[in-house]
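>>> Pasted the sequence and its predicted model underneath.
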Amino acid sequence: MVEMEFSKEKLRQIRHLMVMAAILILAIIYSDKVLVGVFFVINILKPFLYGGAIAFALNIPMRALEEKALGRWRGKTAQKVKRPLCMVLTLVLVVFIISVVVGTVLPQVTLTAAEIGKKIPAFTEQVIADLDRLTKDSPILAEQVSKLEEIEIKWDSILKSIVDFLRNGMGNVLNSTFNVASNIISGVVNGVISFIFALYILVQKEKLANQGRRIISAYLPERVGNKVLEISSLLYKNFSSFVTGQCVEAVILGVMFVVSMTVFRMPYALMVGVLIAFMALIPIVGAFIGCAVGAFLILINNPLQALWFVVLFLVLQQIEGNLIYPRVVGSSVGLPSIWVLMAVTVGGSLFGIAGMLMFIPLMSTCYALFKESVNKRNTVKRRPPVVEEEEE
């Protein structure tokens, strides 16, 4: 009887393995169609994926408000009021941060653009005067200019070419305009859907988490389900710690720029510091965008000072990239400095900015699971566990 049950169990396992192998082989053979189907499903679910990402990001300050700022509110009435209040406060905080960044950067960029517009006529006159002086001082250059003046321009052929281009390209222009308009409308609709979906997740996050646990418990074996829940909890912890550490690191970098630029009497210190802090939320490379804008603004007034600003940026970027970032972000996710740099490099090479944001917490989770597995095996073999050395 036992042998019959054992053989039935074995046959069931073999049958499952054969089905899985057949599915895998078919997926490899028809990989192009599988990829098309996967991307089609992702495009349909894109608003909900974005909504989940927005809810995850908003949940970090919202959870801090619920547990720390309003943690003493216990009654049923207080619980009903606490969730909407914390959600509103979180949204106000996000809108305030974006308003500060836009209000600090945009007016200065507008004034600089207006200043550039005022300087263009004088710059053009100066260039024309310099060219006239050069042609007078250099006979060879004057001879070449006179040859250019003798060239006859065939205006009829040029006008015909322009008319043909407009006639043939009008349809393409209309199609491009229609595509751009439809993409903008689709983006706005998807953004609204994502935001509403994120609010629903935040309101019912405990209920959704309980439903997810029940589904895992219903369809997976107990051991596998517990492991899935453990990995999910570790992923949530690492991602939330990474976002928090990234924000702290961005604030530190922005303060460094404001203080150093003020000490060296560089213009736009507050604006550049705020811009670099905001862009530094993108790991490693985000601050370079702020550097480009800051250098351009300073270049309009003082080119030499813009050069010194770039030198200052490179120095601070080396300090931030090699000391502050690995320690602040790496310690927040429990990942050593060398693995943080490796995660940023590999993730950026594979998937760009999204890869940089995703690979650090993913590698942190893999690192923690691998370290746990190594320690368990060493314990079984009666060897000392792996102990991380503290960085000096």
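Perfect, thanks for sending it. Just so it is clear, the structure is predicted and the values come from calculations on it, not from any experiment.

>>> mean confidence for stretch 111-118?
The average of the pLDDT scores along stretch 111-118 is 72.

>>> remind me, longest helix of the chain?
The longest helix of the chain (DSSP state H) is helix 76-137.

>>> what helices or strands is that one leaning on?
helix 31-64, helix 139-150, helix 155-203, helix 269-279, helix 286-301 (3 or more Cβ pairs under 8 Å, 6 or more residues apart in numbering; DSSP states H and E). (C-beta placed from N, C-alpha, C; glycine too.)

>>> quick one, which of these is packed in tightest?
Among the helices and strands packed on helix 76-137, ranked by average contacts under mean count of other Cβ atoms under 10 Å, first place goes to helix 269-279 (a mean of 22).

>>> roughly how far out does the longest helix of the chain sit from the chain middle?
Distance, stretch centre to chain centre, for helix 76-137: 21 Å (Cα atoms, centre = their mean, to the nearest Å).

>>> That one vs helix 286-301, what angle?
40 degrees (axes from the mean of the first three to the mean of the last three Cα atoms, to 10 degrees).

>>> Leaving aside the residues adjacent along the chain, what's closest to residue 355?
Excluding its sequence neighbours, the residue lying closest to residue 355 (Cβ to Cβ, 6 or more residues apart in numbering) is residue 347, at 3.3 Å.

>>> Any idea how many residues pack against residue 92?
10 (other Cβ atoms under 10 Å).

>>> now residue 265, what's its secondary structure?
coil (DSSP: H, G, I helix; E, B strand; the rest coil).

>>> before we move on, what about residue 325?
helix.

>>> Would you agree it is in contact with residue 340?
Yes - using Cβ atoms under 8 Å, residue 325 makes contact with residue 340 at a distance of 7.1 Å.

>>> Could you find the closest non-adjacent residue to residue 91?
Spatial nearest neighbour of residue 91, excluding adjacent residues (Cβ to Cβ, 6+ apart): residue 58 at 7.5 Å.

>>> before we move on, what about residue 295?
Distance criterion Cβ to Cβ, 6+ apart; nearest residue to residue 295, sequence neighbours excluded, is residue 306 at 5.0 Å.

>>> Neighbours of that neighbour, how many?
19.

>>> Tell me the secondary structure at it.
Residue 306 - assigned by three-state DSSP - is helix.

>>> That one is in contact with residue 298, isn't it?
Yes - between residue 306 and residue 298 there is a contact under Cβ under 8 Å: 4.2 Å.

>>> Surely residue 272 touches residue 290?
Yes - contact criterion Cβ under 8 Å: residue 272 and residue 290 qualify, at 6.6 Å.

>>> Flag the shaky bits of the stretch 101-250 of the chain, pLDDT-wise.
Applying pLDDT under 70 to the stretch 101-250 of the chain picks out residues 116, 119-120, 123, 135, 140-156, 162-176.

>>> hmm, 80 instead?
Low-confidence segments of the stretch 101-250 of the chain, defined by pLDDT under 80, are located at 101, 104-106, 108-183.

>>> Tell me who's in contact with the residue nearest to residue 355.
355-360 (Cβ atoms under 8 Å, 6 or more residues apart in numbering).

>>> let's go with 6 Å and repeat that
Applying Cβ atoms under 6 Å, 6 or more residues apart in numbering to residue 347 gives the contacts 355-356, 359.

>>> just residue 360 next, same as before
242, 343.

>>> quick one, the host helix or strand of it and helix 31-64 angle?
Assignment of secondary structure by DSSP states H and E places residue 360 within helix 337-380. Put simply, helix 337-380 runs at 90 degrees to helix 31-64, going by the same axes, to 10 degrees.

>>> ok, back up a step: quick one: closest of the helices and strands packed on helix 76-137 to residue 108.
Closest approach to residue 108 among these is made by helix 269-279 (4.9 Å; Cβ to Cβ).

>>> And the closest one, what does it pack against?
helix 76-137, helix 222-263, helix 286-301 (3 or more Cβ pairs under 6 Å, 6 or more residues apart in numbering; DSSP states H and E).

>>> Which residues does that helix contact?
101, 104-105, 108, 250-251, 254, 257-258, 261-262, 286-287, 289-290, 294.

>>> and of those, the nearest to residue 53?
Proximity of the contacts of helix 269-279 to residue 53 (Cβ to Cβ) peaks at residue 286, which lies at 17.4 Å.

>>> so who does the closest one touch?
Residue 286 makes contact with 279-280, according to Cβ under 6 Å, 6+ apart.

>>> Recalculate using a threshold of 8 Å.
So residue 286 contacts 279-280, 353 (Cβ under 8 Å, 6+ apart).

>>> need the helices and strands packed on helix 269-279 in TSV with distance to residue 45, can you?
Converted to TSV, the helices and strands packed on helix 269-279 look like this (distance: least, Cβ to Cβ, whole Å):
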stretch	distance to residue 45
helix 76-137	24
helix 222-263	19
helix 286-301	27
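
>>> Out of these, indicate the one that is most buried.
Taking mean count of other Cβ under 10 Å, helix 286-301 is the most buried of the helices and strands packed on helix 269-279, at a mean of 19.

>>> and stretch 379-388, average pLDDT?
For stretch 379-388, the per-residue pLDDT averages 65.

>>> With stretch 336-353 instead?
Stretch 336-353 comes out at a mean pLDDT of 75.

>>> how about that stretch: buried residues?
Buried residues in stretch 336-353, counting neighbours by 16 or more other Cβ atoms under 10 Å, are found at 336-337, 339-341, 343-344, 347-348.

>>> The closest residue to residue 81 other than its chain neighbours in helix, strand or coil?
Nearest non-adjacent residue to residue 81, counting by Cβ to Cβ, 6+ apart: residue 73, 7.5 Å away. At residue 73 the chain is in coil, as set by three-state DSSP.

>>> Make sure residue 73 is actually in contact with residue 82.
Yes - using Cβ under 8 Å, residue 73 makes contact with residue 82 at a distance of 5.0 Å.
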